[in-house]
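Trainee: my questions concern the predicted model and sequence given below.
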Amino acid sequence: MSENMRVSEKAYIGKNTIIKEGVIIEENAMIGSNCYIDYGAIIKENVTIGDNCFVGSNCVLGEYLSDFFEKFINNKHELYIGDNAKIRSGTIIYGETSIGINFQTGHNATIRENTQIGDNVSIGTLSDIQGFSEIGNFVRVHSNVHICQFSKIKDYVWIFPYTVFTNDKLPPSDNLKGVTVEEGAVICTKSIILPDILIGKEAFIGAGTLVTKDVPDDCIYLGYPGKIKGKTSEIQDKETGQILYPWRNRYKRL
Amino acid sequence: MSENMRVSEKAYIGKNTIIKEGVIIEENAMIGSNCYIDYGAIIKENVTIGDNCFVGSNCVLGEYLSDFFEKFINNKHELYIGDNAKIRSGTIIYGETSIGINFQTGHNATIRENTQIGDNVSIGTLSDIQGFSEIGNFVRVHSNVHICQFSKIKDYVWIFPYTVFTNDKLPPSDNLKGVTVEEGAVICTKSIILPDILIGKEAFIGAGTLVTKDVPDDCIYLGYPGKIKGKTSEIQDKETGQILYPWRNRYKRL
Amino acid sequence: MSENMRVSEKAYIGKNTIIKEGVIIEENAMIGSNCYIDYGAIIKENVTIGDNCFVGSNCVLGEYLSDFFEKFINNKHELYIGDNAKIRSGTIIYGETSIGINFQTGHNATIRENTQIGDNVSIGTLSDIQGFSEIGNFVRVHSNVHICQFSKIKDYVWIFPYTVFTNDKLPPSDNLKGVTVEEGAVICTKSIILPDILIGKEAFIGAGTLVTKDVPDDCIYLGYPGKIKGKTSEIQDKETGQILYPWRNRYKRL
């Protein structure tokens, strides 16, 4: 039970990777080159991390699924995280999950099992991805967003703080149907999306909206409950007249 | 200050209990048999945990009450947790609290002092029970719910994500009156309950509702502010005609 | 990599300060006298903490800014925390930040870089101060509040749970304009404040309000979207007739 036993001899650690005090790395974990694993991070079995990754203090990677609790045995549930990840302190990511390159999290984010995440995705502080979901490429989930099970989020979607997705029309039940968000949609702060809703391509959901119906492509949708208020593709900068959406024509995300 | 000193010789540890690296167990803590205490969990004085319990990484059990700060002395405030608990990583539970059997938490839940919790209760990820509250049996508090001080939640209640209970009509004040939720009520996602409200038996509060008045038994209550929209006991499955509430007639919770 | 190396010999630790097992203190950290640093707290370089402070389990003080990630080198970003702080477990505070005396946090609060906080401020459990902001004296931010970048909060302001400040009118963009809250304003639970809004002195924002326009001084503002409903200075206790605001004439905060 000495400090030296905390990093398993059966783990693979790439060259030039820095491991700080108090880190746990279990056997069958694989960590790439030029990584930095900060104080007290916990990396469990069957976790693979690419090169040039940062894992912040007190993160838990490869967290146990429910089957662990039967006999306190960690069955094989792989977690794969691509190169250049920045996983900030306190983040918890389960096994049975796959994440692309250039991934980022804020602090104390939770990502549960059976989540497939593309490249260049960011999940903000305190956001909670409940698992059994797909997230595309270049998606940004800001702070304190709740993505329920069985959600699909396509490429270039932005979701702002305290937005909540739901999946159960007559709770509690096992008839769970998540939310689907098409490419390029923007969902502003503190929106609620009811179960089984489809949000169309390049839709723009205003702050504090209750989304009770499917939202067509290219719609501005606003209110409580929400209503269609115009076309996203007609939103202009008041001073310059510049057409502002799709946002990726004018804004380079970090 | 060696690793071996981290588990006090004056703590009681039941047989077959597994204690992982970095765990702290203070004196006068009692842990049952066949438990699993994961990396870096902290179990302070006067904590009693039953048999077959899981305590996740970086949990803090027996957290200090405010009287600790006067002289940095931990007065005796007992925390009791029954058999078969699954306390997921990052959960913080204070002293002066009692919890029944088959308890579960998500990640980074907080449960403060003077909370009485019955059997078969689940408190989700990031939920914050502010203490001085009573929670019955078979209650499920989903993710990111805020239960203010002086709340009472009876048996079989479900509360969905981002619901907030309040207790102060003219804040800030010391005239705090919490929310009471009667047996079998269901409160959907992102509702706000104003102070001193009574939510009746088997009431159904729709998603995103602002509850400004007492809600009678068996009422569907919806809107912002909420209004009575029908009877819970008349909600049917559209296809089969099955009466859906009380939910426990048709749904077995995990 | 022994336990003894966890507290740098180049750190300054004041007399009578207690340091519990598993604490990390890096070089160039300075900790005052009569402090209590609880299990597993992490205090990085360039952090200065005053006398009589409590730092809870698993806190991270002096967390890395984004420039760390370029070469995994911690550039000099000072964090200063005044005397008598109570920083509860799991709190994360970045460098390049300054905090006055008698500071308190709840659990798992996050305070990012370039935040200036006055004296006698409290930041609740799970609240997220995104940085580049100013917070005055005697401000209380309750649980799970989101203060966006470029916000200014003056003295004696109270902000209740799940309130969210926003700063981007046409997101995503770099044209960020935060919220300004003048002295003595009270913002109740679960309000949303749109970007670039000014909330006037002693304004009272009711629970669940969507604030879409500037709020004049001394206004009661309520609804979704909010409307002016009266004067704060005329709110009376129904039984005694006492004028209730400014709250500091009748209520002594802890």
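Mentor: Arrived safely. Numbering: from 1, shown residues only, chains lettered A, B, ... in the order given.

Trainee: quick one, what contacts A:Tyr224?
Mentor: A:208-210, B:208, B:224, C:210, C:224 (CB atoms under 8 Å, 6 or more residues apart in numbering or on different chains). No exception for glycine: its C-beta is placed from N, CA and C like everyone else's.

Trainee: 7 Å instead, please
Mentor: A:208-210, B:224, C:224 (CB atoms under 7 Å, 6 or more residues apart in numbering or on different chains).

Trainee: which ones among those residues lie within strands?
Mentor: Judged by DSSP state E, strands contain the following of the contacts of A:Tyr224: A:Leu210.

Trainee: and A:Trp158, what does it touch?
Mentor: By CB under 7 Å, 6+ apart, the neighbours of A:Trp158 are A:140, A:186, C:171-172.

Trainee: can you tell me which of those are in strands?
Mentor: Going by DSSP E, the strands hold A:140, A:186 from the contacts of A:Trp158.

Trainee: by neighbours, which of the contacts of A:Trp158 wins?
Mentor: Most neighbours among those, by other CB atoms under 10 Å in any protein chain shown: A:Val186, with 25 neighbours.

Trainee: what does chain A put close to chain B?
Mentor: Contact residues, chain A versus chain B (CB under 7 Å from any CB of the partner chain): A:1-3, A:5-6, A:22, A:24, A:40, A:42, A:58, A:60, A:63, A:69, A:72, A:92, A:108, A:110, A:126, A:128, A:146, A:164, A:166, A:170-173, A:192, A:194, A:210, A:224.

Trainee: hmm, which of the residues you listed are the buried ones?
Mentor: A:3, A:6, A:22, A:24, A:40, A:42, A:58, A:60, A:63, A:92, A:108, A:110, A:126, A:128, A:146, A:164, A:166, A:170-172, A:192, A:194, A:210, A:224 (16 or more other CB atoms under 10 Å in any protein chain shown).

Trainee: re the thing from before, JSON lines for the contacts of A:Trp158, including distance to A:Pro216?
Mentor: As requested, those are arranged in JSON lines below (distance: CB to CB, whole Å):
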{"residue": "A:Arg140", "distance to A:Pro216": "23"}
{"residue": "A:Val186", "distance to A:Pro216": "15"}
{"residue": "C:Pro171", "distance to A:Pro216": "20"}
{"residue": "C:Pro172", "distance to A:Pro216": "22"}
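
Trainee: okay if I get the contacts of A:Trp158 as CSV plus distance to C:His77 and pLDDT?
Mentor: Formatted as CSV, the contacts of A:Trp158 follow (distance: CB to CB, whole Å; pLDDT from 0 to 100):
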residue, distance to C:His77, pLDDT
A:Arg140, 25, 98
A:Val186, 32, 98
C:Pro171, 27, 97
C:Pro172, 26, 96
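
Trainee: flag every residue of chain A that's near chain C.
Mentor: A:3-4, A:18, A:21-22, A:36, A:39-40, A:54, A:57-58, A:86, A:89-90, A:107-108, A:125-126, A:143-144, A:158, A:160-162, A:186, A:188-190, A:207-208, A:224, A:235, A:244, A:247, A:251, A:253.

Trainee: are any of those buried, and which?
Mentor: A:3, A:21-22, A:36, A:39-40, A:54, A:57-58, A:86, A:89-90, A:107-108, A:125-126, A:143-144, A:158, A:160-162, A:186, A:188-190, A:207-208, A:224, A:244, A:247, A:251.

Trainee: just the ones in helices from the residues you listed, please.
Mentor: Judged by DSSP state H, helices contain none of those.

Trainee: just the residues you listed: which are in strands?
Mentor: A:36, A:54, A:86, A:158, A:186.

Trainee: nearest to chain C among the residues you listed?
Mentor: A:Tyr36 (4.5 Å; CB to the nearest CB).
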